[in-house]
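>>> coordinates only, sequence not included:
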């Protein structure tokens, strides 16, 4: 076989080969090493939420069953059922504070990841530059490289006791290179950073003054803590005509198992995203689309309760991690993640991830997955059953205590 | 906006720009013209099956509900839930007559289209050549061009009263160009051609003697009429190590609304298809994956009944179309499609498709969508409610009679 099949260059780029020099091995090799690591007792995968403890809202499955029992179209337009798009446009317009055209500015996608992939495929060419925070969502850098473009990183800064922000000088320097796109997750994945509205305005002002489009992944933008305000990039001056926003109910609303999401973008871009869909996956699963008609509308109490529960879990987690010498953690402003660093521990993030899996049964994401500045961190999802999480934090703390100090 | 956003070159290739010279306009322009055409009374979209008349098997929705109610994982491995893959491997092995490894040789995909896209992305590079029948499935040529490769067409021949076949001289000539891949749908979409087992062996022998891989879309391979045998490419000598087979329940089993499908391939290729999935759409919808555990196993009576019903619809359709002067139709050996040609009518396939939509309320696929040799044909899906179909055939016949003769 090996003489017949060779992985394509897009797949070799997906592995971000230039990172091998600094990581000591390719990302793929490191991740396979982690997969092969035997898992200790009391296994818990904390790379994602426990959707049994935090299930979908009560009406979700009924809505699916109705659609699958004859009420829903089987073959919708690739951009999604027109009636569903009308409902989604109404609720997303209220959420974003922008009046959206259901026919022109909305596309339903098979999950939010597919929304990102579809947007990137419609926008970036081989050889283009994409400005991207470091760290950012695990597949962002990989997707950009997969599609043949290069990343200009912008450090995400979060000094203790201050608000998180992008390094605006680095952003301005990146924009001077005439990138095709600025891409970011907000709230930031993996750190949970939520930018102050004034900082969102600063970022938007720089982008609006450039020739770049902006792709913002707002998957966690309903999941913001401490009653903080959240500013949508699309609503900043000059941004609507150049902003692509991806949203979806996979995380806060626990609907990842349905593969539904959506994107908001100018009509010219939605048209071309639909063209990408025509070859990549055809459409958001047709019956599941109907769940989106009640999303952002009939689930406000449900989400409010969830935010309260997650906020308690966040606080418990930050308190436990903060007590460990050599470990450094910021309280996430949004999302269900924490991204503790461990400057005082003499180990790489790969070694810490392996130790946590082998000795504590905890599967976490090592920080290198999120960008070069993610090194010496790991990401955990605290959306877990409270009792299991208490025990997991105890095991995590024990392992981190046991590692050699720097 | 227009100065900010420009469609990417992959999207310009998706439109197969070289076809504009022979079609008189780009495929995209032609298709938008057809979309804009007002639809006549008694609207019926016969580009796909009526899943209300032909609904899924009775256990399908229950299986989904069980998985979505707590029995199924929300975050499966990208290649699919291991337990589901074990069941799928068992049933697909029996179907294909090859013993498959559930961990190495199977990936679940969000629909069969995503299986094709994922395989193509893992295999072909910009500048590669792909050998493809003409006509073939609507997105095949487009996907190949989208990914930057070129198509070497092989005529599909089907003289009246004979068995359909590929032009083996053209196939051999294509293989001499050292293509990365031979790709085909079998049963053929749009014609419904099923090759005799001896011809499948001839195709396989040529491919096995080359350096090419083979991607065969067998979406319709359970839907074969007249009790004819169906030969699977993967089972031919020397083919298992170079064949990618896509399958799924979207058509015969009416499950397109769930977006589930799968591919069988050598482990090295499945590994890389999973890498593509990690950026493109993450996974086949997790709860819907569980439907596949009973597919090809608990639905044999259901499919047998369906084949009988579709065969009657096929026969009625062939009889009606055969009576129209200037129209030429072959009885599909498989699939739910017919691909009538109209050498004796003085009109293009675009004009016929527009007339059928405007004057008969019937949305059909004009033949150019399936390749240059598809011109002067149109594709219809006869999997329709019998009464509605009788009326539709009458309207179709009237319109075809009314057009000027060549």
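Nice, thanks for sending it over. Owing to the predicted nature of the structure, the values given are computational and were not obtained by experimental measurement.
>>> so how many other residues sit close to residue A:120?
26 (other C-beta atoms under 10 Å in any protein chain shown). To be clear about C-beta, it is placed using only N, CA and C from the backbone, and glycine gets the same treatment.
>>> What's the per-residue pLDDT of it here?
For residue A:120, the pLDDT comes out at 98.
>>> tell me the contacts of it?
Residue A:120 makes contacts with A:143, A:144, A:147, A:181, A:183, A:215, as judged by C-beta atoms under 8 Å, 6 or more residues apart in numbering or on different chains.
>>> What's the separation between it and residue A:128?
Residue A:120 is 10 Å from residue A:128, where distance means C-beta to C-beta, to the nearest Å.
>>> Between the two, which contacts overlap?
Residues touching both residue A:120 and residue A:128 (C-beta under 8 Å, 6+ apart): residue A:181.
>>> who does residue A:157 bridge with?
Applying DSSP bridges to residue A:157 yields these beta-bridge partners: residue A:165.
>>> Now do the contacts for residue A:186.
By C-beta under 8 Å, 6+ apart, the contact list for residue A:186 reads A:194, A:195, A:200, A:216, A:217, A:218, A:221, A:233.
>>> Closest to chain B out of those residues?
Ranked by distance to chain B (C-beta to the nearest C-beta), the contacts of residue A:186 are led by residue A:217 at 13.3 Å.
>>> dump the residue contacts of the closest residue to the closest one other than its chain neighbours.
Spatially, and ignoring its direct neighbours in sequence, residue A:217 is nearest to residue A:185 (4.2 Å; C-beta to C-beta, 6 or more residues apart in numbering or on different chains). Residue A:185 makes contact with A:133, A:136, A:137, A:140, A:216, A:217, A:218, A:219, A:220, according to C-beta under 8 Å, 6+ apart.
>>> The first one and residue A:207, how far apart?
Relative to residue A:207, residue A:133 is positioned 13 Å away (criterion: C-beta to C-beta).
>>> Which one's more surrounded, these two?
Neighbour count, other C-beta under 10 Å: between residue A:133 and residue A:207, residue A:133 has more, with 29 against 24.
>>> So the more buried one, which state does it fall into?
strand (DSSP: H, G, I helix; E, B strand; the rest coil).
>>> Now do the contacts for the residue nearest to it when sequence neighbours are not counted.
Excluding its sequence neighbours, the residue lying closest to residue A:133 (C-beta to C-beta, 6+ apart) is residue A:156, at 4.6 Å. Applying C-beta under 8 Å, 6+ apart, we find residue A:156 in contact with A:133, A:134, A:135, A:136, A:164, A:165, A:166, A:167, A:188, A:191, A:193, A:373.
>>> any residue of the worst-scoring helix or strand of chain A on mean pLDDT up close to chain B?
In chain A, the helix or strand scored least confidently by mean pLDDT, DSSP states H and E is helix A:20-23, which has a mean of 90. No. Using C-beta under 8 Å from any C-beta of the partner chain, helix A:20-23 stays clear of chain B, coming no nearer than 15.9 Å.
>>> Identify all contacting residues around that helix.
The contact list for helix A:20-23, computed with C-beta under 8 Å, 6+ apart, reads A:26, A:27, A:30, A:350, A:368, A:372, A:375.
>>> so the second one touches residue A:13, yeah?
Just to be clear, that refers to residue A:27. No. Contact criterion C-beta atoms under 8 Å: residue A:27 and residue A:13 do not qualify, at 11.3 Å.
>>> Can you tell me the SS state at residue A:34?
Classification of residue A:34 using three-state DSSP returns helix.
>>> Do you know the pLDDT at it?
95.
>>> And for residue A:2?
Residue A:2 carries a pLDDT score of 46 in this model.
>>> Take the contacts of residue A:120 and keep only those in helices.
Mapping those onto helices (DSSP state H) picks out A:143, A:144.
>>> from the contacts of residue A:120, which is closest to chain B?
Relative to chain B, the closest of the contacts of residue A:120 is residue A:143; by C-beta to the nearest C-beta it sits at 4.7 Å.
>>> Leaving out sequence neighbours, find the closest residue to the closest one.
Counting by C-beta to C-beta, 6+ apart, the residue nearest residue A:143 is residue B:279, at 4.7 Å.
>>> so how far is the host helix or strand of the one you found off the chain centroid?
Using DSSP states H and E, residue B:279 falls within helix B:267-280. How far helix B:267-280 lies from its chain's middle: 21 Å, per C-alpha atoms, centre = their mean, to the nearest Å.
>>> quick one: that helix to helix A:267-280, angle?
With axes from the mean of the first three to the mean of the last three C-alpha atoms, to 10 degrees as the basis, helix B:267-280 and helix A:267-280 are set at 160 degrees to each other.
>>> residues of helix B:267-280 that come out buried?
For helix B:267-280, the neighbour count (16 or more other C-beta atoms under 10 Å in any protein chain shown) marks B:268-280 as buried.
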